[in-house]
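**Q** Using only what follows, build the 3D model:
(chains A and B)
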There are 2 protein chains.
Amino acid sequence: MSMRSNMKTVRISIIGFGYVGAGLAEVIRRKRADLVSTYGLDVRIVGIADLNGIFIDEQGLDEAELLKLRTGAKDWERPGGMTTLELIKELDYEVMVETTHTDVTSGQPGLTHITTALESGRHVVTSNKGPLALEYSRLTDLAAAQGCALKYEATVGGAMPLISLIRDNLAGNGVLSIQGILNGTCNYILTRMAEEGLPYEHVLKEAQELGYAEADPSSDVKGLDTAVKLVILANSVFGMNATYRDVEVTGITAITPDALKLADDAGYVIKLIGEVSREGCLKARPRLVPKDDPLNVGGTLNVATIKTDLAGDITVIGKGAGPIEAASAILADIISIYR
Amino acid sequence: MSMRSNMKTVRISIIGFGYVGAGLAEVIRRKRADLVSTYGLDVRIVGIADLNGIFIDEQGLDEAELLKLRTGAKDWERPGGMTTLELIKELDYEVMVETTHTDVTSGQPGLTHITTALESGRHVVTSNKGPLALEYSRLTDLAAAQGCALKYEATVGGAMPLISLIRDNLAGNGVLSIQGILNGTCNYILTRMAEEGLPYEHVLKEAQELGYAEADPSSDVKGLDTAVKLVILANSVFGMNATYRDVEVTGITAITPDALKLADDAGYVIKLIGEVSREGCLKARPRLVPKDDPLNVGGTLNVATIKTDLAGDITVIGKGAGPIEAASAILADIISIYR
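**A** Alright, predicted model coming up:
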């Protein structure tokens, strides 16, 4: 933890200032001193853009001030009528962090943001699944051609390391398959249904009240969110050229307390398991999981088991959602660019 | 997986040609084409040394031939009476892989091998716990002063990524504590005792017959092996300057089937848990673990839960032992030097 002599200033823009973007601002505020002392990085947010407006400051915006935007204690502005694309292209910065909402049918607005940033020679770190699920190879090719990094650890498994774990920590291994619980909402619902013997609709309502499920939960409970994450793994780990339409998907809406009870009696739990294999299997569906399998994790946890040819089975478990957790993955991606 | 234009030759020496050293030779043999196509690395074993003798070839030794040394189908040689230290200092190579046996009281012969290699300006990758548990800060300081890498992922958790996972994938996080099962022999014995209601001595014998426990199992079952791994985590993750003598250790030899039954009735298992925290806690002892805790893994598996300030709890599970598994960690370390 010694002070680094060769400190580097890293200027970032945050596009999309929702809960993940604001989470990153909070994390950068908390970690400023550590980033300097441990990594030699002086990380400054020099611009943020949102549907509501824009803030820019070449010397670095005050994160505490920015966070007031989320509570309504501060009003959005739009200096000189600047657009988000103008900010992405014209502001002086190194890394664009794209945290707008995921749209898996159009990929927008993230797709345009990421393309524009890469074309402008900026590194990109994103938590937005849509662009990567739809146009993975075009975006990675563009990044390579521009000599820019394109990092997206936060898109799959939140704070749980998976993409970088396979690429770096398991380097040299052939990956045979990845199986896991990639959606915390489904895991919460199935865990509660099994524990309490309650019907799906009842537990869904509970999950919505607790903020574990959205008002429109269909993307989660029908398996689409899991499918999109699988596609990102399929393309980045196995070099497939898949989109979410290639995934065989069955959601959890038809699972009954009776089915969970039968499974329990036989020593199993039912989980929504996403699976992708080297042979091209791409499935998201409810599956019986033995109770003593590492994939049997409860609550809102995410988990993935990576089957490899040298290291055997490696399982990783962590929080799949949450603003600080997503920001943790984004921050590790930013640091990795400067290692 | 495209062919890399800028291929780099990486010449390695392997010091200690026991089951881990031979496992690495086997892995390099299997993975030669992948290492070239995926990482642009032409990895050649140019020298091996063992108590029994030495083989060197500047163009690269034939791994299949070397593996015959382990079956007795090939005899050891010692060209020109060369010593191991002469090989380490004088051979032309980039990376020394140190895989001699762990001696936690003297650290030898690994300590001298590693020191000599670093002083000769070679990178070092090791699976040998002794030198790192005894002289961590001296060795890392020496490596830094020489501009050499010193990598040791294989020392803790075998194929299970832990040290590099914390440093890279969780970069930016403050680590609060690490708890885990770091010894597969103890886990096997406690798992079997709990499942079958059998006494310690009976299961130990079974483990010895299956090759899961050594003829002299004391380092494993008395907790020393776990303590040594904890010390490596304490020093590398928390910047402590600990040795295994600083660890409060209780082994598993006094655990009875009755104790396991009582725990089971209350919803717990008993596991030998190593724990190290930022506050300086350094303990290896049997602990009650709730059955639904991610730390409850069976058989010979290893597991670690890393408590962090941003990512929350991250758990990783994998095989803690085995020649190919250890070689997997060593290979990832070698690749990481050239990233």
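
**Q** only C-alpha atoms for contact and neighbour calcs from this point on.
**A** OK.

**Q** where's residue A:242, which helix or strand?
**A** For residue A:242, there is no helix or strand it lies in under DSSP states H and E.

**Q** what does the average pLDDT come to for stretch A:48-59?
**A** Average pLDDT, stretch A:48-59: 97.

**Q** Quick check: end-to-end length of that stretch?
**A** 13 Å (Cα to Cα, to the nearest Å).

**Q** what's the offset of that stretch from the middle of its chain?
**A** 23 Å (Cα atoms, centre = their mean, to the nearest Å).

**Q** Flag every buried residue along it.
**A** For stretch A:48-59, the buried set under the neighbour-count rule, 16 or more other Cα atoms under 10 Å in any protein chain shown, comprises A:48-50, A:53-56.

**Q** cool, stretch A:103-116 as well?
**A** Of the residues in stretch A:103-116, A:103-104, A:107-111, A:113-116 count as buried by neighbour count, 16+ other Cα under 10 Å.

**Q** Grab the CA positions of that stretch and hand them over as PDB.
**A** Taking C-alpha atoms only, stretch A:103-116 is exported to PDB below (Å, rounded to 0.1, in the frame of the first residue of the first chain):
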ATOM      1  CA  ASP A 103     -32.800  -3.300 -24.100                       C
ATOM      2  CA  VAL A 104     -32.300  -6.700 -25.700                       C
ATOM      3  CA  THR A 105     -34.300  -6.200 -28.800                       C
ATOM      4  CA  SER A 106     -32.600  -3.000 -30.100                       C
ATOM      5  CA  GLY A 107     -29.600  -2.800 -27.800                       C
ATOM      6  CA  GLN A 108     -30.200   1.000 -27.700                       C
ATOM      7  CA  PRO A 109     -29.200   3.500 -26.500                       C
ATOM      8  CA  GLY A 110     -26.100   1.500 -25.300                       C
ATOM      9  CA  LEU A 111     -25.200   0.200 -28.700                       C
ATOM     10  CA  THR A 112     -24.800   3.700 -30.200                       C
ATOM     11  CA  HIS A 113     -23.000   5.000 -27.000                       C
ATOM     12  CA  ILE A 114     -20.500   2.100 -27.100                       C
ATOM     13  CA  THR A 115     -19.900   2.300 -30.800                       C
ATOM     14  CA  THR A 116     -19.400   6.100 -30.700                       C
END
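
**Q** what residues does the stretch 51-200 of chain A put near chain B?
**A** A:159-161, A:164-165, A:168-173 (Cα under 8 Å from any Cα of the partner chain).

**Q** can you give me the strands in the stretch 101-250 of chain A?
**A** Listed from the start of the chain, the stretch 101-250 of chain A has strands (DSSP state E, counting those that start in this stretch) covering A:123-126, A:150-151, A:175-181, A:248-249.

**Q** Can you tell me which one of the buried residues of stretch A:103-116 sits lowest on pLDDT?
**A** When the buried residues of stretch A:103-116 are compared by pLDDT, residue A:104 scores lowest at 91.

**Q** which residues does it contact?
**A** A:129-131, A:133-134, A:228 (Cα atoms under 8 Å, 6 or more residues apart in numbering or on different chains).

**Q** Show me which of the buried residues of stretch A:103-116 is closest to chain B.
**A** Among the buried residues of stretch A:103-116, residue A:114 lies closest to chain B (Cα to the nearest Cα), at 22.8 Å.

**Q** excluding its backbone neighbours, what's nearest the closest one?
**A** Spatial nearest neighbour of residue A:114, excluding adjacent residues (Cα to Cα, 6 or more residues apart in numbering or on different chains): residue A:124 at 6.8 Å.

**Q** Bridge partners for that neighbour, pull those for me.
**A** Beta bridges link residue A:124 to residue A:96, residue A:150 when assigned by DSSP bridges.

**Q** Correct me if wrong: it contacts residue A:113.
**A** No - Residue A:124 lies out of contact with residue A:113 (Cα atoms under 8 Å); the separation is 9.6 Å.

**Q** For chain B, what's the nearest residue on the stretch 1-150 of chain A?
**A** residue A:35 (6.8 Å).

**Q** what about that residue, neighbour count?
**A** 21 (other Cα atoms under 10 Å in any protein chain shown).

**Q** same thing with residue A:207?
**A** Burial of residue A:207 is recorded as 20 neighbouring residues (other Cα under 10 Å).

**Q** Which helix or which strand is home to the closest residue to residue A:180 other than its chain neighbours?
**A** Closest residue in space to residue A:180, ignoring its immediate chain neighbours: residue A:304 at 4.0 Å, by Cα to Cα, 6+ apart. Element membership of residue A:304 [criterion: DSSP H and E] is strand A:301-308.

**Q** Parallel or antiparallel, list what pairs with that strand.
**A** Next to strand A:301-308 in the sheet, as set by DSSP bridges, lie strand A:175-181 (antiparallel), strand A:313-319 (antiparallel).

**Q** any idea how far residue A:331 is from chain B?
**A** 6 Å (Cα to the nearest Cα, to the nearest Å).

**Q** Now do the contacts for that residue.
**A** Residues in contact with residue A:331 (Cα under 8 Å, 6+ apart) are A:24, B:171-172.

**Q** And it, how close does it get to residue B:211?
**A** To residue B:211, residue A:331 is 43 Å away according to Cα to Cα.

**Q** Thought residue A:229 was touching residue A:156, still the case?
**A** Yes - with contact defined as Cα under 8 Å, residue A:156 reaches residue A:229; the gap is 5.6 Å.

**Q** What ranges does the stretch 201-339 of chain A have for its helices?
**A** A:218-221, A:224-238, A:257-265, A:323-337 (DSSP state H, counting those that start in this stretch).

**Q** same for the shortest one, what does it pack against?
**A** I take that to be helix A:218-221. On a contact count with 3 or more Cα pairs under 8 Å, 6 or more residues apart in numbering or on different chains; DSSP states H and E, helix A:218-221 meets helix A:184-196.

**Q** State the mean pLDDT of the helix it packs on.
**A** 96.

**Q** just to revisit the earlier point, just the ones in helices from the residues of the stretch 51-200 of chain A next to chain B, please.
**A** If you go by DSSP state H, these have residue A:164 in helices.

**Q** Okay, now the unreliable bits of chain A?
**A** A:1-5 (pLDDT under 70).

**Q** Would you tell me which helix is longest in it?
**A** Ranking each helix of chain A by length (DSSP H) puts helix A:19-39 first.

**Q** so the following helix or strand past that helix versus helix A:19-39, what angle?
**A** Following helix A:19-39 in sequence order, the next helix or strand is strand A:41-50 (DSSP H and E). Going by axes from the mean of the first three to the mean of the last three Cα atoms, to 10 degrees, strand A:41-50 is angled at 170 degrees with respect to helix A:19-39.
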